[in-house]
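Asker: A structural model of the following input is requested.
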Amino acid sequence: MEIGFGVLTTAIGLLCTVTGLVIGFFTFNRNRDNDVKNDATESAIIRTKLDNIGQSVDSIRIDFKASDQRWTALSERVIRNEESTKQAHKRIDKIENKGEI
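Answerer: Okay, the predicted model is just below:
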């Protein structure tokens, strides 16, 4: 039984097509796995950077609160000093009015 040239060509063509499909399928799966790994890596990097930014913002917020407390304390001290100076001037004025100086 002889196999005709057309049948042989068709068989080789089908074999190459099936081989191409199998290779394409495995390549697709490998690339999909690599894409998933790359996406997971990028996502982890972004999360890490966001966490660092969040920690920096928290640190700045704490520093701001500490600065606010220092400004409040300084403001209170300035007010007390102004009141003390005002009282001292009143005493000096009383002494000057009595003519003791």
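Asker: could you list the low-confidence segments of this protein?
Answerer: Within the chain, the segments meeting pLDDT under 70 span 1-2, 99-101.
Asker: quick check: the residue positioned nearest the centre of the chain vs Glu96, distance?
Answerer: With distances taken as Cα atoms, centre = their mean, Leu50 lies nearest the centre of the chain, 2.4 Å away. According to Cβ to Cβ, to the nearest Å, Leu50 and Glu96 sit 68 Å apart. The C-beta positions use only the backbone N, C-alpha and C, and glycine is treated the same way.
Asker: try Thr27
Answerer: Look at Thr27 and Glu96: by Cβ to Cβ, they are 101 Å apart.
Asker: same check on Glu42?
Answerer: 79 Å.
Asker: and Ala40, by the same measure?
Answerer: From Ala40 to Glu96 the distance is 83 Å (Cβ to Cβ).
Asker: same check, this time on Gln69
Answerer: 41 Å.
Asker: return the distance of the one helix or strand Ser67 maps to from the chain's centre.
Answerer: Taking DSSP states H and E as the definition, Ser67 sits inside helix 5-98. Centroid displacement of helix 5-98 relative to its chain, using Cα atoms, centre = their mean, to the nearest Å, is 1 Å.
Asker: ok, now stretch 82-101?
Answerer: 59 Å.
Asker: mind saving the C-alpha coords of it as PDB?
Answerer: Provided in PDB are the C-alpha atoms of stretch 82-101 (Å, rounded to 0.1, in the frame of the first residue of the first chain):
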ATOM      1  CA  GLU A  82       4.000  90.100  79.500                       C
ATOM      2  CA  GLU A  83       1.700  90.100  82.600                       C
ATOM      3  CA  SER A  84       4.700  90.100  84.900                       C
ATOM      4  CA  THR A  85       6.300  93.000  83.000                       C
ATOM      5  CA  LYS A  86       3.000  94.900  83.100                       C
ATOM      6  CA  GLN A  87       2.800  94.500  86.900                       C
ATOM      7  CA  ALA A  88       6.400  95.500  87.200                       C
ATOM      8  CA  HIS A  89       5.700  98.700  85.200                       C
ATOM      9  CA  LYS A  90       2.700  99.500  87.400                       C
ATOM     10  CA  ARG A  91       4.900  99.100  90.600                       C
ATOM     11  CA  ILE A  92       7.600 101.300  89.000                       C
ATOM     12  CA  ASP A  93       5.000 103.900  88.100                       C
ATOM     13  CA  LYS A  94       3.700 103.900  91.700                       C
ATOM     14  CA  ILE A  95       7.200 104.400  93.000                       C
ATOM     15  CA  GLU A  96       7.800 107.200  90.600                       C
ATOM     16  CA  ASN A  97       4.500 108.900  91.600                       C
ATOM     17  CA  LYS A  98       5.500 108.800  95.200                       C
ATOM     18  CA  GLY A  99       8.700 110.600  94.300                       C
ATOM     19  CA  GLU A 100      11.100 108.100  95.700                       C
ATOM     20  CA  ILE A 101      13.300 107.900  92.700                       C
END
